[in-house]
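Chemist: Show me how the following folds:
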Amino acid sequence: MPSLKPDLHAFAPRADDVLTLADAMVRRRPAAGAPAPTLSPVEQLVRTMQTVKAARFCAAERLERKQLVSVVSLSIVSLYFVGLSVWQAVYAGSISDPANRLITLVSIMSSVATMVLALIEAMNDYRMKAHFMHACAMQVNDLLQELRLLPAPEATAVQDIRRRYNEVVRNCPFNHARIDYLMSRPPAQLGKRLALWLRYAASVYGLYAVCLAGPPLLLLAYY
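Modeler: Now for the predicted structure:
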């Protein structure tokens with residue numbers, strides 16, 4: 001009578017099967033220290049143009065925001081100075097001496113902030129810088145589209161586009177900032193992205209927020 005006990009050796013993996021699976025895992029795993037695949041000159045040029053285009057579009061947007069915030073902040077801080085001066089003149093008899101000195105101090109701070117913002121606006125000229133950045137990004141984008149439309153780019157065509165790209169970058173009198181490059185390539189991690197946005201907000205709105213919030217906070221704290 002044949003035995004009903006199963007033959008466990010029949011289900012055991014063979015040595016060649018184990019080696020085959022191990023070899024497959026090794027093949028799938030990238031070799032440690034393996035060099036990254038080299039890019040062709042066309043791919044390198046495309047990647048460079050994409051990076052510069054994105055960074056300069058971000059720079060143009062950042063400078064336009066600073067232009068708007070600068071004008072609004074300058075107007076509001078000027079209203080602080082005028083409003084406090086009118087308040088002192090109208091209610092001169094009903095304001096105590098400590099309050100009068102505080103209002104005078106805040107009024108002087110508002111006038112100084114007005115002059116500082118006006119000088120910063122005159123020296124930087126954010127609108128002109130934003131115009132140059134946007135124009136440069138548009139020209140780089142045109143060259144990028146022209147390069148992508150070439151069916152089989154030859155060396156002479158690629159060299160001509162590279163030369164024109166270098167001329168476009170050199171003709172722009174301004175360069176984008178580090179924050180513009182980082183904003184064009186936001187990190188995938190949420191924490192790093194939030195930190196980048198906080199840095200961007202501080203770069204764009206930090207000075208103007210201090211000038212706008214300083215005088216009212218000082219009045220509320222000591223009046």
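Chemist: buried set for the helix or strand encompassing residue 215?
Modeler: Using DSSP states H and E, residue 215 maps to helix 190-222. Neighbour-count burial for helix 190-222 flags 196, 200, 203-204, 207-208, 211-212, 214-215, 219 (criterion: 16 or more other CB atoms under 10 Å). For glycine as for every other residue, the C-beta is placed from the backbone atoms N, C-alpha and C.
Chemist: Pipe those into JSON lines and attach pLDDT per row.
Modeler: Below are those laid out as JSON lines (pLDDT from 0 to 100):
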{"residue": "196", "pLDDT": "93"}
{"residue": "200", "pLDDT": "94"}
{"residue": "203", "pLDDT": "91"}
{"residue": "204", "pLDDT": "92"}
{"residue": "207", "pLDDT": "89"}
{"residue": "208", "pLDDT": "91"}
{"residue": "211", "pLDDT": "86"}
{"residue": "212", "pLDDT": "88"}
{"residue": "214", "pLDDT": "85"}
{"residue": "215", "pLDDT": "83"}
{"residue": "219", "pLDDT": "81"}
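Chemist: picking that back up, so which elements touch the helix holding residue 215?
Modeler: helix 41-90, helix 97-124, helix 178-184 (3 or more CB pairs under 8 Å, 6 or more residues apart in numbering; DSSP states H and E).
Chemist: sorry, back to before: what's the farthest-apart pair in the buried residues of helix 190-222?
Modeler: Within the buried residues of helix 190-222, 196 and 219 form the most distant pair, 34.6 Å apart (CB to CB).
Chemist: residues in contact with residue 113?
Modeler: Neighbouring residues of residue 113 by CB atoms under 8 Å, 6 or more residues apart in numbering: 77, 80, 211, 214-215.
Chemist: dump the residue contacts of residue 182.
Modeler: 196, 199.
Chemist: Okay, angle between the helix or strand harbouring residue 165 and helix 41-90 too, please.
Modeler: Element membership for residue 165, per DSSP H and E: helix 155-171. Here helix 155-171 runs at an angle of 20 degrees relative to helix 41-90 (axes from the mean of the first three to the mean of the last three CA atoms, to 10 degrees).
Chemist: Helix 41-90 and the helix holding residue 215, what's the angle between them?
Modeler: Going by the same axes, to 10 degrees, helix 190-222 makes 10 degrees with helix 41-90.
Chemist: Compute the distance from the centre of helix 190-222 to the centre of its chain.
Modeler: 17 Å (CA atoms, centre = their mean, to the nearest Å).
Chemist: Also stretch 210-223?
Modeler: Centroid separation for stretch 210-223 versus its chain: 30 Å, with CA atoms, centre = their mean.
Chemist: How about stretch 124-137?
Modeler: 15 Å.
Chemist: List the buried residues in that stretch.
Modeler: Buried residues in stretch 124-137 (16+ other CB under 10 Å): 126, 129-130, 132-134, 136-137.
Chemist: Outside of stretch 69-84 itself, which residues are in contact with it?
Modeler: By CB under 8 Å, 6+ apart, stretch 69-84 touches 103, 106-107, 110-111, 113-114, 117-118, 120-121, 126, 204-205, 208, 211-212, 215-216.
Chemist: Chain neighbours aside, what residue packs nearest to the residue nearest the centre of the chain?
Modeler: For the chain, the residue sitting closest to the mean C-alpha position, by CA atoms, centre = their mean, is residue 183 at 2.8 Å. Spatial nearest neighbour of residue 183, chain neighbours left out: residue 58 (4.6 Å); criterion: CB to CB, 6 or more residues apart in numbering.
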